[in-house]
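Chemist: What follows is a predicted structure for the sequence shown.
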Amino acid sequence: KQGRFDLADGGTLFLDEIGDMSLNAQAKVLRALQEGKITRVGADKDINVDVRVIAATNKDLLKEVDAKNFRLDLYHRISVILIHVPSLNDRRDDIPTLVDQFLEDICTDYGIAKKTISEEALKLLKEYDWTGNIRELRNVVERLVILSGKEITVEDIKSYVMPI
């Protein structure tokens, strides 16, 4: 069976949460990147691959290196271009745009008319502590789409997002 690197040959592979990858898996990724070779599970011959990797993590990989949870050689291999995306709490002005897009996407997925959100409800969402960042925001918007009426209100936010 073809693996991810095999399937991405000649293209780009996105590795999400690379900071959670086991040391054994890190060694295999490093080999694929350095040598351009992989070995399928159960196979005895190498396959050449040409893959560009984009990796993401919510961890400080240098701290993970110090803690012996991440390979320094892999860190250097994947850190050609580093892009730091600030947490949602550090860019609260993006929340209205993200909520609007999530409302559109989620309502389309559910086959319902796009719901609206009151300015007061949006203000509460901007004040919320988004420890889960954009993933948490999307899940909250989906919950609100499911449980709210045509317009998401302050009462909905208080009931389904910030219960007291």
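Modeler: Yep, it's here. Keep in mind the model is a prediction, meaning the values are calculated, not measured.

Chemist: just so I have it, where are all the helices in this structure?
Modeler: With DSSP state H applied, the chain shows helices at 4-7, 23-35, 61-66, 72-78, 95-110, 119-127, 133-147, 154-160, listed in chain order.

Chemist: residues contacting residue 77?
Modeler: Listed by CB atoms under 8 Å, 6 or more residues apart in numbering, the contact set of residue 77 reads 30, 33, 34. No exception for glycine: its C-beta is placed from N, CA and C like everyone else's.

Chemist: Which ChimeraX command selects the buried ones in the residues you listed?
Modeler: Here is the ChimeraX command that picks out the buried ones among the contacts of residue 77, judged by 16 or more other CB atoms under 10 Å:
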select :30,33
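
Chemist: Dump the contacts of residue 77 into JSON lines; add distance to residue 81 and pLDDT as well.
Modeler: Supplementary listing: the contacts of residue 77 in JSON lines, determined by distance: CB to CB, whole Å; pLDDT from 0 to 100:
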{"residue": "30", "distance to residue 81": "18", "pLDDT": "95"}
{"residue": "33", "distance to residue 81": "14", "pLDDT": "93"}
{"residue": "34", "distance to residue 81": "18", "pLDDT": "93"}
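
Chemist: still on that earlier bit, indicate which one of the helices of the chain is closest to residue 55.
Modeler: Among the helices of the chain, the nearest to residue 55 by CB to CB is helix 72-78 (5.1 Å).

Chemist: what distance separates that closest one from the middle of the whole chain?
Modeler: Taking CA atoms, centre = their mean, to the nearest Å, one finds helix 72-78 lying 20 Å from the centre of the chain it belongs to.

Chemist: For it, which residues meet the burial criterion?
Modeler: Buried residues in helix 72-78, counted by 16+ other CB under 10 Å: 74, 75, 78.
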